[in-house]
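1. Kindly generate the corresponding structure for this input.
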Amino acid sequence: MYEHESSESCQCHVCSVRYFERNNYFHGKMLSARDLREEQKYFNEKRWLINRMVLGWGIVCGLEVKVENGYVAIQPGLALDCCGRELLVCGREALHTKTIAEALGVETDGQFEPIRWALCLEYHECKSEPVKVPSACSQTEQGKEYNRIRDEYRLSIRRFDDACPVDHSDDCCPYDNLNHAPSVHEVLVEQSHRCRKCKECECVLLATGTLGTKPANAIQNQTFQIHLDEDSWKYRRIVYTNSSLAGLVRCFHPRLAHIKKINWKPGFQYDVDDFLNLLNREHLKITFDQRMSQATVKDIRSFRLSVFISIGEGSCPVRFLIPVEHIEYVESADHQDHTAVYYFESDCIEHELRTSCKKLKKAAEVELVLHGSMVRDEHDRALDAELIKEFPTGNGVQGGEFITYFTVGP
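-> Down below sits the predicted model:
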């Protein structure tokens, strides 16, 4: 046997509990019903405070809603209401169309304009296991009491506007001045100055829809017609759990491929013979930290090697573009290193570059550029190519150009 009680009105701002007070236990302490009630209250209110202020409120998982054979069916799931209280639905629930019509105050006969409705999930308590209060107790406590209080939930149908609907489909940034502030942390600090408050509505909105009537070919056979809104999803407030946030991070910032080393030394000054030996014999080797798409790595248009040489005294540097003959892609035996080997055209090196480099009066600048947006990993994600201070490359964004410089001098 159960006795249901309506919950108190939702007063769930951060200071709804002005302070937390717990029992102090000592040998010989006499425990009363008040002490034990306060013990439960202390832990419940702390948990609910953390739920609503840290986790937030809304649907955690499940609670899918469908219309089936004249019923609105709700699947099991979990939600947190705006006071932080847990709403655990462990069995399939169903509301008949006639029940919904009654909740909306619709007469069973006659035509009416379609009515927008919302399905709410709310916290509810019920008392169970009735017992008699011992006769020795004071007169005020005599009578029937209950041995248990069960945390329950209640499904209710409201008119759409009475369910506090909020459209969560807006993809705009919720933080003011984020694009203009020097620090993300500064913006979040400013936001934290205002504590969130619960609206005067305890509804965790599960679905929205319309209730109408079928064309009345015979009044006595008239039935209600119920539909779910196609955009009902946008009114379902969601609790962003750690796993869902981690998934979003992976979507927007996936594990991108980076350059982890090259066999030439960025910023190093080579003498002419050593540099030409690198080009002709050792070649250029760029090593990635993930398996790459061979077709994109081998595309010679993704790479550029330029040498800027001053031909005469006081003359402007002339740019020599060293053509790539072909690119090989090799993987180490342990599959940890994925390396592109760049082979340059030997005729250009011997006939043009060697002759010009031998005439150098001062060091020449060598610029190496790899177009990260053209080089992709095996999942078709662009190389995170920008070199920031040191290897591995990357700034958390796909694409960009890997650029580094060397000097070749006499």
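
2. Give me the below-cutoff pLDDT ranges for the stretch 151-300 of the chain.
-> Along the stretch 151-300 of the chain, the model assigns pLDDT under 70 to residues 171, 179, 181, 200, 215-222.

3. in it, which spans are helices?
-> 184-192, 242-252, 272-277, 294-297 (DSSP state H, counting those that start in this stretch).

4. Output those helices in TSV, with mean neighbour count appended to each entry.
-> Where C-beta positions appear, they are placed from N, C-alpha and C, glycine not excepted. Converted to TSV, the helices of the stretch 151-300 of the chain look like this (neighbours: other C-beta atoms under 10 Å):
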stretch	mean neighbour count
helix 184-192	12
helix 242-252	10
helix 272-277	16
helix 294-297	16
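
5. Figure out which of the ones you listed is closest to L104.
-> Closest approach to L104 among these (C-beta to C-beta): helix 242-252, 33.6 Å.

6. just how off-centre is the closest one within its chain?
-> 4 Å (C-alpha atoms, centre = their mean, to the nearest Å).

7. Next: stretch 271-283.
-> Chain-centre distance of stretch 271-283: 49 Å, with C-alpha atoms, centre = their mean.

8. what's the span of it from first residue to last?
-> With C-alpha to C-alpha, to the nearest Å as the measure, stretch 271-283 spans 16 Å from end to end.

9. picking that back up, which one, of the helices of the stretch 151-300 of the chain, ends up nearest to T210?
-> Proximity to T210 (C-beta to C-beta) singles out helix 242-252 among those, at 30.0 Å.

10. Output the contacting helices and strands for the longest strand along the chain.
-> Longest strand in the chain, counting residues (DSSP state E): strand 115-132. With contacts taken as 3 or more C-beta pairs under 8 Å, 6 or more residues apart in numbering; DSSP states H and E, strand 115-132 sits against strand 2-5, strand 86-89, strand 144-159, strand 204-213.

11. Let me know the angle separating the last one from strand 144-159.
-> The reference is to strand 204-213. Going by axes from the mean of the first three to the mean of the last three C-alpha atoms, to 10 degrees, strand 204-213 is angled at 60 degrees with respect to strand 144-159.

12. What residues sit buried inside strand 204-213?
-> Residues V204, L205, L206, A207, T208, G209, L211, T213 are the ones in strand 204-213 that count as buried (16 or more other C-beta atoms under 10 Å).

13. Nearest to S310 among those?
-> L205 (71.9 Å).

14. shouldn't the closest one be in contact with D161?
-> No: between L205 and D161 there is no contact under C-beta atoms under 8 Å: 11.8 Å.

15. Okay, domains of this protein per the record?
-> As given by automatic domain parsing, the domain ranges for the chain are 2-24+31-252, 259-409.

16. Off-centre distance for the longest one?
-> Its chain's average C-alpha position is 23 Å from that of domain 2-24+31-252, according to C-alpha atoms, centre = their mean.

17. picking up where we left off before, is it possible to get the helices and strands packed on strand 115-132 out as TSV so that each row also shows distance to Q225?
-> Putting the helices and strands packed on strand 115-132 into TSV (distance: least, C-beta to C-beta, whole Å) gives the following:
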stretch	distance to Q225
strand 2-5	31
strand 86-89	26
strand 144-159	15
strand 204-213	5
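
18. Those: which one's closest to Y342?
-> Per C-beta to C-beta, nearest to Y342 of those: strand 204-213, 58.4 Å.

19. Which elements pack onto the closest one?
-> For strand 204-213, the helices and strands in contact under the criterion 3+ C-beta pairs under 8 Å, 6+ apart are strand 58-62, strand 65-68, strand 71-74, helix 97-103, strand 115-132, strand 224-228.

20. Including distance to D167 and mean neighbour count, could these go into TSV?
-> Output for those, formatted as TSV (distance: least, C-beta to C-beta, whole Å; neighbours: other C-beta atoms under 10 Å):
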stretch	distance to D167	mean neighbour count
strand 58-62	14	17
strand 65-68	18	13
strand 71-74	21	19
helix 97-103	23	16
strand 115-132	13	18
strand 224-228	16	16
